[in-house]
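Colleague: Predicted model follows, preceded by the sequence.
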Amino acid sequence: MRAFLAAITCLATLLPMGCGTSDTDAGRQVPQEAPRDRTSVPSAGGATQASVECGSGQIEDLPGEPDNGNTSSAAKGRTASDAEELAIAVSQSLNRISQKDIIKEFDDKLAAAPTVYTSSEDGFSVTFPKQPTATQVAAKEAHTRNYQTYSADGLVSYNVFFNLFEKKILAPDSQAAFFKTHLAGRLLTVSKAKVVRDDPTTYNGFAARDFAYIDTSTDPAILHRGLLFLLDGDAVSLTTVHPTGITPQYSFEDFVGSFRLLPLSANLNNEYWQDQYSSVRLRVPADMRFIKGRNPSTGLIATFANTSGHSLSIFHASSAYPGITVAEVEKELGSTQKDKEGWYTNRFESPSSGTAMLQLMRLFDTPTGLYMFQGVAPEKTFFRCEAKVKESARTLVLVAIHEARQKNIFEAVILE
């Protein structure tokens, strides 16, 4: 802000009691300040400049201001029009200086201010004390992303970890084993540690672990405070790390309380997948792969799924049930909820795991029969994949061969 303050000091020379004027204080003469820098300010017209000298109390004449040699221009005073031009010129100069400084100061303060950080890739938001840095570590069994920042004094570290496993931890016995051994794994890198807590808990409906330990091998000792939960078979943890004598101004509880899970972006493959028999094609979410194909008894064309148990399928209902209508299918769906876009939502329980699941369905009535698009995911995390299902359905295209005597063409019918 030095340039900004210097400019304000220069502006003070335009006041009637300018810089360096003599005054008395209880009969004592106040000495004049020594001359400082000179600043040239462009005039309003751009061609003429008025030179303002800070500290000297002198303001040089503007062109067009005659001086009879007996009295200084400053003593005579400026005309109204001259004053207006000078005010405009100085204001423009100050604006350029102050704008740059204000922007820099704003950027500096913004970087150091509490911020709600959002990750579209991992689908979460959290309030950090200041803007975090994201780092990634790839290993054979897992891919880890760490979002980290520090308190203003640099003594407290705030972290969000996403451990994305190649093989998801989904079965109840696997989850129990993971929670039982997670802290022992953390302590492998600490030579001396004191466990404060490692308590089972829940976090937003997810099985979780509330843990804390002190690394006593350092001076001062370091407190590690954390919450760990499993999300679609991956591990998510929020931690704070700081010396034991520190009480963070932004507490661990506030940090965890600010965390929110968000829907994941659709992130569809750029290329279309196409069925060679029905000529149906669509863009599939990038994290899903082909699982199984045609089943004449159900009309299944294809199913795609990811390793977290989220899937989408496309059925040609008319091939399994010739002549079936939308009204008949809706009657079978019964009290299933339907939104404004025509999506039906059905809740059921997985017979294999006992997990509550949500099923999202939409019907497409076309010249070649009735099709159904379906998405399935665990109820707790379905909101994270809903956009994937709906965006993929919007890309669904049926390439039907229309035989005509006059012409033989392929016509693309978008299923909407």
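Modeller: Cool, the structure landed. Note that the structure is a prediction, hence the values are computed from the model and not measured.
Colleague: Report whether residue 386 is found in a helix, as I expect.
Modeller: Yes. Counting by DSSP: H, G, I helix; E, B strand; the rest coil, residue 386 is found in a helix.
Colleague: How much space separates it from residue 263?
Modeller: 6 Å (Cβ to Cβ, to the nearest Å). No exception for glycine: its C-beta is placed from N, CA and C like everyone else's.
Colleague: Between the two, which has more neighbouring residues?
Modeller: Between residue 386 and residue 263, counted using other Cβ atoms under 10 Å, residue 386 has the larger neighbour count: 20 against 15.
Colleague: do you know how far the more buried one is from residue 378?
Modeller: On the measure of Cβ to Cβ, residue 386 and residue 378 end up 12 Å apart.
Colleague: Kindly report the same for residue 181.
Modeller: Residue 181 is 24 Å from residue 378, by Cβ to Cβ.
Colleague: of these two, who's got more company?
Modeller: residue 378 (20 against 10).
Colleague: Can you check the pLDDT for that one?
Modeller: pLDDT, residue 378: 93.
Colleague: So what sits opposite it in the bridge?
Modeller: Note on residue 378: beta-bridge partners residue 357, judged by DSSP bridges.
Colleague: Burial check on residue 161, number of neighbours?
Modeller: 17.
Colleague: Nearest residue to it in space, please, no chain neighbours.
Modeller: Nearest non-adjacent residue to residue 161, counting by Cβ to Cβ, 6 or more residues apart in numbering: residue 237, 4.6 Å away.
Colleague: And residue 345, by the same measure?
Modeller: Here the residue nearest residue 345, using Cβ to Cβ, 6+ apart, is residue 337, at 4.7 Å.
Colleague: List the residues that contact the one you found.
Modeller: Residue 337 makes contact with 344-346, according to Cβ atoms under 8 Å, 6 or more residues apart in numbering.
Colleague: quick one: the residue nearest to residue 161 and residue 211, what's the gap?
Modeller: From residue 237 to residue 211 the distance is 9 Å (Cβ to Cβ).
Colleague: Show me whatever sits in contact with both of these two.
Modeller: Counting by Cβ under 8 Å, 6+ apart, the common neighbours of residue 237 and residue 211 are 226-228.
Colleague: Tell me where the model's unsure across the stretch 251-400 of the chain.
Modeller: Low-confidence segments of the stretch 251-400 of the chain, defined by pLDDT under 70: 335, 399-400.
Colleague: for it, what spans make up the strands?
Modeller: Taking DSSP state E, counting those that start in this stretch as the test, the strands found in the stretch 251-400 of the chain are 260-261, 273-274, 280-282, 289-292, 300-305, 311-316, 337-338, 344-349, 356-366, 369-378, 397-403.
Colleague: Mind putting these into a markdown table with distance to residue 328?
Modeller: Formatted as a markdown table, those follow (distance: least, Cβ to Cβ, whole Å):
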| stretch | distance to residue 328 |
| --- | --- |
| strand 260-261 | 38 |
| strand 273-274 | 29 |
| strand 280-282 | 22 |
| strand 289-292 | 26 |
| strand 300-305 | 19 |
| strand 311-316 | 14 |
| strand 337-338 | 15 |
| strand 344-349 | 14 |
| strand 356-366 | 11 |
| strand 369-378 | 9 |
| strand 397-403 | 21 |
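Colleague: Packing partners of the helix or strand that contains residue 180?
Modeller: Assigned by DSSP states H and E, residue 180 falls within helix 172-187. Where contact means 3 or more Cβ pairs under 8 Å, 6 or more residues apart in numbering; DSSP states H and E, helix 172-187 is packed against strand 193-203, strand 206-215, strand 222-231.
Colleague: Between helix 172-187 and the first one, find me the angle.
Modeller: Spelled out, it's strand 193-203. If you take axes from the mean of the first three to the mean of the last three Cα atoms, to 10 degrees, strand 193-203 sits at 150 degrees to helix 172-187.
Colleague: How about the second one?
Modeller: Angular relation of strand 206-215 and helix 172-187 on a 0 to 180 degree scale: 20 degrees, by the same axes, to 10 degrees.
Colleague: Pull up the pairing partners for strand 206-215, direction included.
Modeller: strand 193-203 (antiparallel), strand 222-231 (antiparallel).
Colleague: and for it, what are the contacting residues?
Modeller: Residues outside strand 206-215 that contact it (Cβ under 8 Å, 6+ apart): 175, 179, 182-183, 186-187, 190, 192-202, 221-231, 244, 380.
Colleague: OK, contacts around the nearest residue to residue 300 once chain neighbours are set aside?
Modeller: The shortest distance from residue 300 to any non-neighbouring residue, by Cβ to Cβ, 6+ apart, is to residue 315 (5.5 Å). Taking Cβ under 8 Å, 6+ apart, we find residue 315 in contact with 298-301, 371-374.
Colleague: Residue 287 is nearest to which of the strands paired with strand 206-215?
Modeller: strand 222-231 (14.0 Å; Cβ to Cβ).
Colleague: After the closest one, which helix or strand is next?
Modeller: Using DSSP H and E, the helix or strand that follows strand 222-231 in sequence is strand 234-243.
Colleague: what helices or strands is that next one leaning on?
Modeller: Packing partners of strand 234-243 (3+ Cβ pairs under 8 Å, 6+ apart): strand 157-165, strand 222-231, helix 252-257.
Colleague: quick one: strands adjacent to that strand?
Modeller: Sheet partners assigned to strand 234-243 using DSSP bridges are listed as strand 157-165 (antiparallel), strand 222-231 (antiparallel).
Colleague: Among these, which comes closest to residue 397?
Modeller: strand 157-165 (31.7 Å).
Colleague: Tell me if I'm right that residue 200 and residue 178 touch.
Modeller: No. Counting by Cβ atoms under 8 Å, residue 200 does not reach residue 178; the two are 12.0 Å apart.
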